[in-house]
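Peer 1: fold the following, please.
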Amino acid sequence: MLKGVKSKFTTPLNQVILLGFICLCCPGMFNALSGLGAGGSMSSNVSLVDSSNGALYGCFAIVGFFAGSVTNTIGVKATLTIGSIGYALYSAAFWVYDAKQISGFVIAAGAILGCCAGVFWSAQGAIMMSYPEEKNKGKYVAVFWALFNFGGILGSVIALGLNLKNQAGGVSTGTYTAFVVVMLIGVVVSLGLANPANVVRPDGTKIAIAKSAHWTSELKGALMIWKEWRMMALIPAFLASNWFYAYQFRINAIYFDPSTRALNDLMYWAFQIVGSILLGFLLDCQAMSRRGRGLVGLAIIFAIVMAVWAGGFAFQLTFDNDFSTPIHWDHPNFGGPFVLFLLYGLSDSLYQSYMYWLMGAMSNDPNLLARYAGFYKAVQSAGAAIAFGIDAVDIPLRWECLICWMLVFVSFPLILLVANKVTETNKSKINQSVN
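Peer 2: Have a look, this model is predicted:
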């Protein structure tokens, strides 16, 4: 009986669900905190949070390029545990700042989280993209993304409940306390992940794990990513995939009051779940070839993303950086911006879920996918660091919005080049790489 329970626990689906719960507690709650705008603090501290996020994403970008090698050397389980600790520390820094106004701790915590997150997401990507069978990769991305973004919903519900009557610029101290507790739960849960060697797919196959190479070989493997033309073609897409957070969360911080920001945040992450689930089932629809599914999915994402950013730019033209009277949800002008904000969440989930599916369609090798994920998050974080740097110098928001839109736009032709080369299977390639 005990053996049967263990075998069910070590299925790819259950491991991805557990991974999703860890991400719910750690990066999911971090997203909720970020989505409140200015880390939930007084809006006058936007520059401090931008500086912290600049340090975070700068360190994330540097570590991310080598994170796959770290993951392959010490293993996904240890990597996730070490990485998750950084999230709790970051949230604790805002807790301390709320009481003591120690700005240096916030910036230092951002840098530490950047290093931790770099390795965390490499391990996450290796699990999510290599554990499922090829026919289920889209659905597994959807399951993970839904659980991960439920963390954003949970954090937003906590913030909304603790700030319903709060009309000041920042959230209550209890909000930070709750976030730290949930993140620490995620750290503990990460200890329960199974070793990849014990994971068995429904078809009876095991995860193909190569023996850990010498660190010099791992370094060469990380550098070889730069010779992979598909990864080079996806750099603009990777760069764009987190660029818009600085702009979107800035709008939430200055345009809405605290309780309304929490409501917007909740719906932003809820629509992330909707988008990833719909896309996941489309990308696994067996009525079409894998290449066909990829091309159809990409066309749909392009139409939605362009329409959302066109609407966002039109909205941005109605106000600018000096907007000084945050609105509540009972304000007559609330409806349009609210719908726009949740559509931002929908388009984000479609774009990022597709990136994971596309990389997963390029290989089944967990070691290679760990490097892919690390490279993806490194470039993504470099983009976020630049975006938060731009936001910190307070350029006109209409230009910030236009940069986000144009960067996403130019990425699509290059994504198309890669999607057009998707093959029906990579099984022979994974066998060659392991033997």
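
Peer 1: low-confidence regions, the stretch 1-150 of the chain specifically.
Peer 2: Along the stretch 1-150 of the chain, the parts satisfying pLDDT under 70 run over 1-7, 35-46.

Peer 1: same thing but 50
Peer 2: Along the stretch 1-150 of the chain, the parts satisfying pLDDT under 50 run over 1-2, 38-44.

Peer 1: ok, the stretch 301-435 of the chain next?
Peer 2: For the stretch 301-435 of the chain, residues meeting the criterion pLDDT under 50 lie at 430-435.

Peer 1: where along it do the helices fall?
Peer 2: Using DSSP state H, counting those that start in this stretch, the helices found in the stretch 301-435 of the chain span residues 335-360, 366-392, 397-419, 427-434.

Peer 1: now render these as CSV, adding distance to residue 111.
Peer 2: From N, CA and C alone the C-beta is placed, and that goes for glycine too. Shown next, in CSV, are the helices of the stretch 301-435 of the chain (distance: least, CB to CB, whole Å):
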stretch, distance to residue 111
helix 335-360, 24
helix 366-392, 11
helix 397-419, 24
helix 427-434, 35
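
Peer 1: now render these as TSV, adding distance to residue 92 and mean neighbour count.
Peer 2: Output for the helices of the stretch 301-435 of the chain, formatted as TSV (distance: least, CB to CB, whole Å; neighbours: other CB atoms under 10 Å):
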stretch	distance to residue 92	mean neighbour count
helix 335-360	26	22
helix 366-392	21	25
helix 397-419	30	18
helix 427-434	41	14
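
Peer 1: out of the ones you listed, nearest to residue 122?
Peer 2: Residue 122 lies closest to helix 366-392 among the helices of the stretch 301-435 of the chain, at 3.8 Å (CB to CB).

Peer 1: quick one: closest of the helices of the stretch 301-435 of the chain to residue 52.
Peer 2: helix 366-392 (8.7 Å).

Peer 1: other SSEs contacting that closest one?
Peer 2: helix 46-74, helix 103-130, helix 215-224, helix 235-240, helix 244-255, helix 335-360, helix 397-419 (3 or more CB pairs under 8 Å, 6 or more residues apart in numbering; DSSP states H and E).

Peer 1: of the ones you listed, which is nearest residue 271?
Peer 2: helix 335-360 (4.1 Å).

Peer 1: centre of the chain to that closest one, how far?
Peer 2: With CA atoms, centre = their mean, to the nearest Å as the basis, helix 335-360 stands 11 Å off its chain's centre.

Peer 1: start the count at 25, not 1, going forward
Peer 2: In the new count, where the first residue is 25, that last one comes out as helix 359-384.

Peer 1: among the helices of the stretch 325-459 of the chain, which comes closest to residue 54?
Peer 2: Of those, nearest to residue 54 by CB to CB is helix 390-416, at 12.5 Å.

Peer 1: and the angle from that closest one to helix 421-443?
Peer 2: The directions of helix 390-416 and helix 421-443 differ by 160 degrees, with axes from the mean of the first three to the mean of the last three CA atoms, to 10 degrees as the criterion.

Peer 1: now helix 390-416 against helix 127-154, angle please.
Peer 2: Going by the same axes, to 10 degrees, helix 390-416 makes 140 degrees with helix 127-154.

Peer 1: gap between helix 390-416 and the chain center?
Peer 2: That offset, for helix 390-416, works out to 10 Å (CA atoms, centre = their mean).

Peer 1: can you state the direction angle for that helix and helix 268-279?
Peer 2: 40 degrees.

Peer 1: identify whichever of the helices of the stretch 325-459 of the chain lies nearest to residue 160.
Peer 2: helix 359-384 (10.1 Å).

Peer 1: which neighbouring elements make contact with that closest one?
Peer 2: By 3+ CB pairs under 8 Å, 6+ apart, helix 359-384 packs against helix 127-154, helix 161-186, helix 259-264, helix 268-279, helix 282-307, helix 314-340, helix 390-416, helix 421-443.

Peer 1: could you rerun that using 7 Å?
Peer 2: helix 127-154, helix 161-186, helix 268-279, helix 282-307, helix 314-340, helix 390-416 (3 or more CB pairs under 7 Å, 6 or more residues apart in numbering; DSSP states H and E).

Peer 1: to residue 200, which of those helices lies closest?
Peer 2: Residue 200 lies closest to helix 161-186 among the helices and strands packed on helix 359-384, at 9.8 Å (CB to CB).

Peer 1: in that closest one, what's buried?
Peer 2: 161-180, 182-184, 186 (16 or more other CB atoms under 10 Å).

Peer 1: right, so of the helices of the stretch 325-459 of the chain, which gets closest to residue 92?
Peer 2: helix 390-416 (3.3 Å).

Peer 1: angle of the closest one against helix 70-98?
Peer 2: 170 degrees.

Peer 1: and the angle for helix 390-416 with helix 359-384?
Peer 2: 150 degrees.

Peer 1: follow-up on the earlier one: with distance to residue 217 added, can I get the helices and strands packed on helix 359-384 in a markdown table?
Peer 2: Output for the helices and strands packed on helix 359-384, formatted as a markdown table (distance: least, CB to CB, whole Å):
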| stretch | distance to residue 217 |
| --- | --- |
| helix 127-154 | 8 |
| helix 161-186 | 13 |
| helix 268-279 | 28 |
| helix 282-307 | 22 |
| helix 314-340 | 29 |
| helix 390-416 | 14 |
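
Peer 1: out of those, nearest to residue 82?
Peer 2: Ranking the helices and strands packed on helix 359-384 by proximity to residue 82 (CB to CB) places helix 390-416 first, at 4.4 Å.

Peer 1: sorry, back to before: and of the helices of the stretch 325-459 of the chain, who's closest to residue 326?
Peer 2: helix 421-443 (5.3 Å).

Peer 1: so residue 281 sits right up against residue 354, yeah?
Peer 2: No: in this structure residue 281 lies outside contact range of residue 354 using CB atoms under 7 Å: 10.5 Å.
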